[in-house]
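**Q** Here's a sequence, model it:
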Amino acid sequence: MAQLAPESLAVYEWALRNGVLRDSDLTAGSIEPGLTDEKAAQARDNLLELGLLLSDGRTDGLIPVDPAIAEIAIRAPLEQEIRRRQSELVDIHTRLRPLAPLFTQHERTGRHADGVRFLGEAHEVRRELSLMTRLCAEEMVSIQPGGGRSPDTLRGIIDESLAMRGRGVRLRTLYQHSARASLSTQRYVRAVSAAGAEIRTTAEAFDRIIIFDRETAFVPQQRVADQPQGASVVTDPTVVGFLYRMFEYLWESGRPFDATQPGTPQPPEALRLTILRLMMSGLKDEAIAKRLGMATRTLRRHVKEVTDELGAESRFQAGYRAHHLGLRLGTEEDEEPVLRP
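**A** Numbers count the residues shown, from 1 in each chain. Sure thing, here's the model as predicted:
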């Protein structure tokens, strides 16, 4: 539809004052100083296209039309097109609705006898996840290990998250403490929390897991060099139930992520105790860094701080001195109260 040009306002106002607009009125300067014949003619044509001018039926004169009447004339074909499109949507829904119960039953029973499907390509995983977010009816829970997620990823899922909340779906996401320092993650958390989503963080997390309605779980496959990371879609009730209980266990020990407050990663003393405990368990630096959601270089800096503070020259010596000093190296649940607001 044509836009209302600035010159058209002057010509329309002139027509209202004089009751009629003729070709002779479009001469240079007649309507407004500086308005050329060409611009005046373009403004007249613009008003005719918008239905704001109408022939008087007797002469070459054009009379101004009430904008409300012009709006009705413009809206009529658009509303007719909308009704036609709505009829098409109803027809599509009517034709596809009988298939919905079959699909739902198929999803609940699993597409494979063993209750596991393998998706080898990243685009297949994204497609299935997008489908499940639209089908999810009650709750989606997820564990997102590592630090803050990329801005592109978060922009891609925020609309889906808000759409699920709009349908009344409960959303719970568990990040690691290191994600609190990510500005893009903070923005995402603020947006979805305002819609009622629940976000917590924990010191350690396992692999990424997403569970829909306690019936379908997405578990990443082991990454192979130079190969896209796929995922396994699990529908076996026993396995999905186990994964959901594992999520609940981590969720209960998590700390609420209030992104309206300044991002505060795990306090130094609690972080050092966690690192020391993982060191004594025999894990390598790369494994510890992955579990804590930080870069290996950052982890090694923390390890050096821990050993220097204890005056130790090795991991074994650090553990011995920690035990001698009576430091508690229990599970995260032992340390978590230190982290709570």
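**Q** Work out for me the element residue 246 sits within.
**A** Using DSSP states H and E, residue 246 sits in helix 237-252.
**Q** Pull out the buried positions in that helix.
**A** 239-240, 243-244, 247, 250-251 (16 or more other CB atoms under 10 Å). (C-beta placed from N, C-alpha, C; glycine too.)
**Q** So for residue 319, what pLDDT did the model give?
**A** pLDDT for residue 319: 64.
**Q** For residue 13, grab the count of nearby residues.
**A** 13 (other CB atoms under 10 Å).
**Q** So for the helix or strand harbouring it, mean pLDDT?
**A** According to DSSP H and E, residue 13 maps onto helix 6-18. Across helix 6-18, the average pLDDT comes to 87.
**Q** So which residues make contact with that helix?
**A** With CB atoms under 8 Å, 6 or more residues apart in numbering as the test, helix 6-18 has contacts from 21, 25, 31-32, 35, 39-40, 42-44, 46-47, 50, 52-53, 62-64.
**Q** mind listing the helices for the chain?
**A** Here the chain has its helices, by DSSP state H, at 6-18, 37-49, 67-96, 100-109, 122-135, 151-166, 183-194, 237-252, 268-280, 285-292, 296-310, 315-324, 332-339.
**Q** and the fifth one, what other elements does it pack with?
**A** Meaning helix 122-135. Contact analysis of helix 122-135 by 3 or more CB pairs under 8 Å, 6 or more residues apart in numbering; DSSP states H and E lists helix 151-166, strand 209-212, strand 216-220, strand 231-234 as its packing neighbours.
**Q** For that helix, C-alpha coordinates in PDB please.
**A** C-alpha atoms of helix 122-135 as PDB (Å, rounded to 0.1, in the frame of the first residue of the first chain):
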ATOM      1  CA  ALA A 122      23.500 -31.500  14.200                       C
ATOM      2  CA  HIS A 123      20.700 -30.200  11.900                       C
ATOM      3  CA  GLU A 124      18.700 -33.400  12.800                       C
ATOM      4  CA  VAL A 125      19.100 -32.600  16.500                       C
ATOM      5  CA  ARG A 126      18.000 -29.000  16.100                       C
ATOM      6  CA  ARG A 127      15.000 -30.100  14.100                       C
ATOM      7  CA  GLU A 128      13.900 -32.600  16.700                       C
ATOM      8  CA  LEU A 129      14.500 -30.200  19.500                       C
ATOM      9  CA  SER A 130      12.400 -27.500  17.800                       C
ATOM     10  CA  LEU A 131       9.600 -30.100  17.300                       C
ATOM     11  CA  MET A 132       9.700 -31.100  20.900                       C
ATOM     12  CA  THR A 133       9.600 -27.600  22.200                       C
ATOM     13  CA  ARG A 134       6.400 -27.100  20.200                       C
ATOM     14  CA  LEU A 135       4.900 -30.400  21.500                       C
END
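**Q** So which bits of it are buried?
**A** Buried residues in helix 122-135 (16+ other CB under 10 Å): 124-125, 128-129, 132-133.
**Q** Quick one: distance of that helix to the chain centre.
**A** 14 Å (CA atoms, centre = their mean, to the nearest Å).
**Q** Other residues contacting that helix?
**A** 107, 119, 140, 160, 163-164, 210, 212, 216, 218, 228-231, 233.
**Q** Pull up the pairing partners for the longest strand along the chain, direction included.
**A** Secondary structure of the chain per DSSP state E: the longest strand is strand 170-176. Using DSSP bridges, strand 170-176 pairs in its sheet with strand 139-143 (parallel), strand 198-202 (parallel).
**Q** Using TSV, lay out those strands together with distance to residue 258, mean neighbour count and mean pLDDT.
**A** Listed next are the strands paired with strand 170-176 as TSV, based on distance: least, CB to CB, whole Å; neighbours: other CB atoms under 10 Å; pLDDT from 0 to 100:
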stretch	distance to residue 258	mean neighbour count	mean pLDDT
strand 139-143	19	20	95
strand 198-202	9	20	90
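**Q** Could you save the ones you listed as TSV and add columns showing distance to residue 188?
**A** Output for those, formatted as TSV (distance: least, CB to CB, whole Å):
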stretch	distance to residue 188
strand 139-143	13
strand 198-202	9
